[in-house]
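[1] here are the coordinates; sequence isn't available:
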């Protein structure tokens, strides 16, 4: 019998969904523990950072890092796990592209603090207290992680071996990947996206498609009576499916919601939002500047639409300050 | 009201001798090659243009035709062979007829027949007067001879009578000429509302009149090749003026019964003037005949008429002189008649109405253009 | 329907005295034609008046008129109106214009008869004078290696058929290669031309014969035997590596043709650096060895053994071709002929062609303006040592063109090239005053008017009024002109005068016409078969004209014409047949065809 | 990937580049850039020795990418590609940096220009890395030709081709062949009969076995590419190898010029209307009287920024022709010819002008740019119908010209069908709707679309012989390609990577040439490369990155952009 | 004062995407006509303005472009029929996006330049350069470099 693998799962700036997706292996958990020791998983195990630090370099065979890098703790752990892991996988959209936390890149630290600590409806902060990384109390100095100005993807902080996209990733994909490693299969070249296909969503999408993608006005999903059969784009709803890798099983569309792009761009695409933006604009069925402008007015929030999961990953990475 | 284009002028000018000028494509070569042009006197091209459009008033008030001495450079280098020089010549003829309020000039220029008839009529008139007022040297010829063998001419046609006639004629001619010049002045200066000429200007420019009358000074500004032409023209003018002065002014002194010795000023001046005149006539005749120069390529009938009349006048004059000093009274009488029959029509027609009026118009035109320029400058 | 034609022929014998046409013979001929019932002279009609001719026509029941003459077109409108007033169809007035088919000399009387007969019988002259079809040799001869010749050669070679390109000088390229820029796009001439030249040099279907002349042409359309004189180049084309050591050492200098005489070249030389072929040749007229038998320095310094053969003799080669395209180009007007501009007298007066070279970066002064000076040996050249910045420049249009004293015709390109030169001068000498003197600004082509507007906006003075003279007054050189539009005299003190010289037929035109059996007009330009409808054909089948040798024109028109000539060649090659059109024929040969048409 | 071995060549272009860009310094600096094996500068890269230099280097240094920094690639890309080919390298391994037209010629600061040149070259170096070999493809040529427009140009081209034994489809929009020439009575300068010339040609065309004529026909969509076009005419499919566009001209609409009162004043007529009177010599005013004087105004709608800037080229000579014709039938009638510049430039045309000026005509000059003459109705005392009022430029006088009839020499504009045809055949137009030729000097009849030629007045105003010359020139091209049997087609087409295409079909409607279709079995879009003209719009629209514009791929362009900033 | 000094030193860098048929030809024409314009522009040739992928524009900004200029044939004059319209549509949406991302909209410009409009091109470059100079250097690159 082969020696067991050491497996770690860590969450950075994440919602926890990724960890849940790991838990979602259900009965396959037995298969996993059969082949691996879970050496570090904050959500499930009480392993201290110190313990990790004490592990020899390369001790961990596979680390699934989910969540973006938001603060110094995330960064520290990313670097630490990198050191300790043979294979570091950016697990989930946040680690891969910044994900939903990445939307914070439309603001800077001050704006966020102001909103959260002063302005939000549920906050009462008469002393205008803001979190400080170092704070002296009588017991000594308190240290909390430093909040960075930008949200980064994992790869922008450390070297990443593979990306397993999705918000969250499909659990089946995780199992497939895991088994592949266990079985010693030929691993794809470093830097590959795994657990997703090169083709995009439409390839698997069952909705009826034609070349009739000509739109005068873009609609929000609630504005249409979805027939459940026709391609969303042809109904005027922006669906990021064409620019998003398949692999999720077309989950959203199957649930009658347009794809929002969590699986990220196909291999040849540098900036997923730009590509989708380009495709969507091309579909506008008019040559008249005014009409074009009108159609574009119906694209309410281009960043939120085309870069929902990928601002830090995109070419511009964040809003200009 | 704006000037209305009038093609009659164009048709008219053909009769005044203009040739091929409609072929002008207005390149401006003629104006530029002409040594006499400046910003205030642009010709021939501009004059051609005005003539083509038939702006009669503009033409009338235009002095430039008189500034041209027809050296011919323009015609020689004209890329269209449009004869700008000849057009200027015909414009001068045209202007003469425009200045002339009597309308005779126009008839002379436009009708060969009229000119011929006019000459004949005047000649006959002269003959009638002559026959009535003179005495034919009938009978013994010796009766009509003086001591020195010369014909006693004053016994046949007394200088007083002739002189009186001369003066009447001169007065008449002057009257026409002066009224025409006034007409010219009226169009050139008075009618031109763009300038205001004051009296001082008139005085300032006065010296120009005799200067240009005698020397044709501007002519010499034309380039080298015309020097001979200018000299000969000058000789002709000198000869003519001398003769005219002696005859019209001092006939008593000039028409003597006594035959003076050769060196006597009366004879000497007469001979010199005659030689000058002959020289001029021969030179100009030869020029026209052989079409040697641009300005002699095309000859209007008035040009020939003038040359022929002048020649005949001088010829009869010299013959008469010869007959007189050789003591041939009858022949003297007849040649004198012939002389007058030719000279008078010549003077009557040519001086106020035709070619020779230029002797007055030209200096006046220069004078007027000078004072006009003074006025312009002041502006 | 034709048979009901009752034809009257009106003869217009204007110009007959100059051409020696015997109109009586033509009248006799016309009278014999069976449809012709009346014959008049236009003079008679004009004298007797319109009413008379109307009654004549009515009386004789004439329903068709033919107006015959050298250029009878003037009377067509009048006679159409006469026909209208007769109640006839005014369209039935036909022209039998001899000049339309260049039948303008007394030798062309049979052609004139044919033209009349064709008009009377509604026959197509162009068909009538084709005497059957010959088979075609697929080789083509192109005479002249300027842009027209190059274009025609490339066009034909693209069809993978053989072309012989014969060029008199040592390189192809012609005049266009000498220019700095081309109007109105200001493309550098060399930049667009040299690729084409290179293409000619490399094209396997083009046999380039530079330094060669056509001596003799025999045969008939589709099959011409051509003798070509290959002048001794004295340098082996295959061996020469173009290193230039020979020229460096050669002691003899002579004015360079390529540089329009603005600089000197050696007796052994390459016409210009981008020449095709880019190989040296020896100018026997100045080579010391050829002239005196002594020298041979070049041979000593040539690194390739056997490359220079000073004793090489001219060779004659014979080729057979099916078609011939004549594109021998032009020469520029000799400005010395017009004394008042002082060319040859004042060194500051130069021709436009000289300026093209001066302003060209590859020219004698590297693109700078220099004063013309006499070197030690007496050659007038532009030396880089004499560079100066003319402050005031005059460009005078229409030198030798549009002038009845020299050439009556318009040279078509001078206005535009002058504007271009003004632009180039202005570009090089920012502070200088450039003034153009023109008569009519002929900016007629595509983009030309726009170019003209642009040059005006660049601050070039453009004066309507032809400068009449250039003279030295004191130390100043003065150009005198009338500024017509502003009503004043301009006496411009200038440092440089550029004479926009016109274009004239090549000195070889007459000779070539004789060799080929085609005709030239009074200006020496080749006659086309029909100046409107067949602008590249000549009166002899299989011989075509292209470019400037047919008349002045600009580059695009030359190129289009060259291509059109190529079309004629390609057409015959494609159908493997060519019409046997003859330059000379007798009326009896064609009569039957006309009557049957 | 094989080791990158790049050769960089910087051209002086005489002094054209060298004067503004320090080419020697550039060559030296560039030789130190990664992967650059050789970097040289040379006087004329395009010259034979220049090209030889590249060829030699490729062979000696085993270069596999070439960057030439010289003039615009539109000028010499083909030249250098040929050089690469000669050296045995795929011609598409070349990239040019345009440091002349877009650098040395347009800048004035040598230092800045040199920096810019370096940026451009570095960009080219980055880009060329990603170049892929492309193979020339040739396709057979269909011998038939489609000619659009049955005027004199179209007819001449048709005859030239048909007489060579090649099939011609001649499509004419109206019900009659001959076009504008039908309306013309005489030609200039010899006053020969235009009708006789046209009749000759027409009878030949109509009876020609190789010419199929379609009257009253507008062409439909044209598909295909050089050598192999197809379209539908009256429901039948026709195939052809080349297209000649000869859509001709439209006379300028004189009523656009308020000063002339055309349309309001009955005796103000256009040249073509007058031409019609001349056919029968029946020159009458609207009231049926013989005009005592006729004025002709040139440059109507031409040479004026308000209307058309360009010169219409034939009006001057046509006006002179009219003078002769009027004089022929009405010798007593005075003619006023009001022109701007007399453009009588053709063979024998100046002589024609000269002889015409001997007729009963007065030439006057107006300012066609700023002061158009005003035409007004004459009053009863004027003894004429119309008065023309303007400043005569050669005298400076403001004058009035009396006339019974005014002929407006209307200029030429492109035919209204030109635009539509341009889109169908894929040729470009300049601002004034005339077609753009491939090169204004050296390629006046070809267009940027292979196999499509423009001839006659649809390219620019011109007279009959020039139109015929052009028509024949186009025929020459076509005959040469037909003789050569095959022709090379566009290789920089689009390409869709089937492994990436998701079948969303966004690209299909984007393609202007319908070159993309959906393969229902593979569920991917595919490009028909012979139909594709390589615009790359599909590549920009493709959300998956599957569609690729060959030679203009994303990675090539992105690298090029990177290169622009790699030296700062 | 400081501002002024900066302006003097600041040499904008502009990336131009020019379509091959009209605008690139027009830019060449500006060259052959020797019209002068600012050195700021670096041209990237594309076959059609319809080829201009928004990615290119973003990439240019990322690499340090202070401005991006897209030029195509005039409406209805596109060599490929409608490529320029497609460009127009993308341009408007892209502009909306970059505004959201905090880039001054004036840094991106789309203009139609025909093959005959050399002068217009030169004018456009100068004008655009002037505009960019007023805006000052783009912060995109710096923003990315300091991204942490």
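    Thanks, I have the structure now. Values in this document were obtained by computation on a predicted structure and should not be read as measured data. Numbering: from 1, shown residues only, chains lettered A, B, ... in the order given.

[2] what average pLDDT does stretch C:457-473 get?
    Averaged over stretch C:457-473, pLDDT sits at 94.

[3] sort out which residues of it are buried, please.
    C:460-471 (16 or more other C-beta atoms under 10 Å in any protein chain shown). The C-beta positions use only the backbone N, C-alpha and C, and glycine is treated the same way.

[4] then stretch D:493-513?
    D:493-497, D:500-513.

[5] out of those, list just those in strands.
    In strands, judged by DSSP state E, the following of these are found: D:494-496.

[6] excluding its backbone neighbours, what's nearest residue A:105?
    Closest residue to residue A:105 apart from its sequence neighbours, by C-beta to C-beta, 6 or more residues apart in numbering or on different chains: residue A:318 at 3.6 Å.

[7] repeat for residue E:38
    residue E:129 (4.2 Å).

[8] mind listing what the one you found touches?
    E:12, E:14, E:37-38, E:40-41, E:67 (C-beta atoms under 8 Å, 6 or more residues apart in numbering or on different chains).

[9] out of these, flag the one nearest to chain D.
    Distance to chain D, by C-beta to the nearest C-beta, is smallest for residue E:37 among these, at 5.4 Å.

[10] how deep is residue C:87 tucked in, by neighbour count?
    A total of 10 residues lie near residue C:87 under the criterion other C-beta atoms under 10 Å in any protein chain shown.

[11] report pLDDT for the residue lying closest to it once chain neighbours are set aside.
    Spatially, and ignoring its direct neighbours in sequence, residue C:87 is nearest to residue C:58 (7.9 Å; C-beta to C-beta, 6+ apart). As predicted, residue C:58 sits at a pLDDT of 93.

[12] which residues does whichever strand or helix holds residue C:58 contact?
    Taking DSSP states H and E as the criterion, residue C:58 maps to helix C:50-60. If you take C-beta under 8 Å, 6+ apart as the criterion, helix C:50-60 is touched by C:6, C:8, C:37-38, C:40, C:45, C:62, C:65, C:82-83, C:85-88.

[13] JSON lines for the ones in strands among the buried residues of stretch D:493-513, including pLDDT and distance to chain E?
    Output for those, formatted as JSON lines (pLDDT from 0 to 100; distance: C-beta to the nearest C-beta, whole Å):
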{"residue": "D:494", "pLDDT": "93", "distance to chain E": "10"}
{"residue": "D:495", "pLDDT": "93", "distance to chain E": "14"}
{"residue": "D:496", "pLDDT": "95", "distance to chain E": "15"}
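
[14] out of these, which comes closest to residue C:400?
    Distances from residue C:400 to those, taken as C-beta to C-beta, are shortest for residue D:494 (57.2 Å).

[15] list the contacts of the closest one.
    D:515-516, D:527, D:529, D:532, D:534, D:536, D:538-539, D:547-550.

[16] just checking stretch C:453-472 against chain D, any contact.
    Yes: contact of stretch C:453-472 with chain D (C-beta under 8 Å from any C-beta of the partner chain) involves C:453, C:464.

[17] quick one: the helices in chain E?
    E:2-9, E:23-32, E:54-63, E:83-100, E:118-135, E:140-145 (DSSP state H).

[18] return the member of these having the minimum mean pLDDT.
    Across those, the lowest-scoring stretch is helix E:2-9, with a mean of 49.

[19] can you name the residue of chain E nearest to chain A?
    For chain E, C-beta to the nearest C-beta, closest residue to chain A: residue E:102, 3.3 Å.

[20] with chain E in mind, check whether stretch A:139-156 reaches it.
    Yes: contact of stretch A:139-156 with chain E (C-beta under 8 Å from any C-beta) involves A:148-150, A:152, A:156.

[21] that stretch: end-to-end distance?
    37 Å (C-alpha to C-alpha, to the nearest Å).

[22] so residue B:38 sits against residue C:489, correct?
    Yes: Residue B:38 is within contact range of residue C:489, at 5.7 Å (criterion: C-beta atoms under 8 Å).

[23] which of those two has more neighbours?
    residue C:489 (19 against 12).

[24] how many residues are close by the residue in chain A positioned nearest to chain C?
    Going by C-beta to the nearest C-beta, chain C is nearest to residue A:289 of chain A, at 28.4 Å. Residue A:289 has 14 neighbours, counted by other C-beta under 10 Å.

[25] tell me the pLDDT of residue D:250.
    At residue D:250, pLDDT is 94.

[26] tell me the bridge partners for it.
    residue D:413 (DSSP bridges).

[27] so what's it up against?
    Shown in contact with residue D:250 (C-beta under 8 Å, 6+ apart): D:412-416.

[28] in JSON lines, list these along with neighbour count, pLDDT and distance to residue B:162.
    Converted to JSON lines, the contacts of residue D:250 look like this (neighbours: other C-beta atoms under 10 Å in any protein chain shown; pLDDT from 0 to 100; distance: C-beta to C-beta, whole Å):
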{"residue": "D:412", "neighbour count": "26", "pLDDT": "95", "distance to residue B:162": "78"}
{"residue": "D:413", "neighbour count": "23", "pLDDT": "95", "distance to residue B:162": "82"}
{"residue": "D:414", "neighbour count": "24", "pLDDT": "93", "distance to residue B:162": "86"}
{"residue": "D:415", "neighbour count": "23", "pLDDT": "92", "distance to residue B:162": "87"}
{"residue": "D:416", "neighbour count": "11", "pLDDT": "88", "distance to residue B:162": "89"}
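
[29] what about the residue of the stretch 251-400 of chain C found nearest chain B, distance to residue D:47?
    In the stretch 251-400 of chain C, the residue that lies nearest chain B is residue C:340 (6.6 Å; C-beta to the nearest C-beta). Distance check for residue C:340 against residue D:47: by C-beta to C-beta, to the nearest Å, it reads 43 Å.

[30] between the two, who's got more neighbours?
    residue D:47 (20 against 17).

[31] per-residue confidence for the more buried one?
    Predicted confidence (pLDDT) for residue D:47: 77.

[32] phi first, then psi, for it.
    phi -70, psi 170 (degrees, to the nearest 10).

[33] who's in contact with it?
    By C-beta under 8 Å, 6+ apart, residue D:47 lies in contact with C:194, C:198, C:273-274.

[34] quick check: the farthest pair among the residues you listed?
    C:198 and C:273 (12.7 Å).

[35] about what we covered before: the buried residues of stretch C:457-473: which ones sit near chain B?
    Okay, of these touching chain B (C-beta under 8 Å from any C-beta), that's C:464-469.
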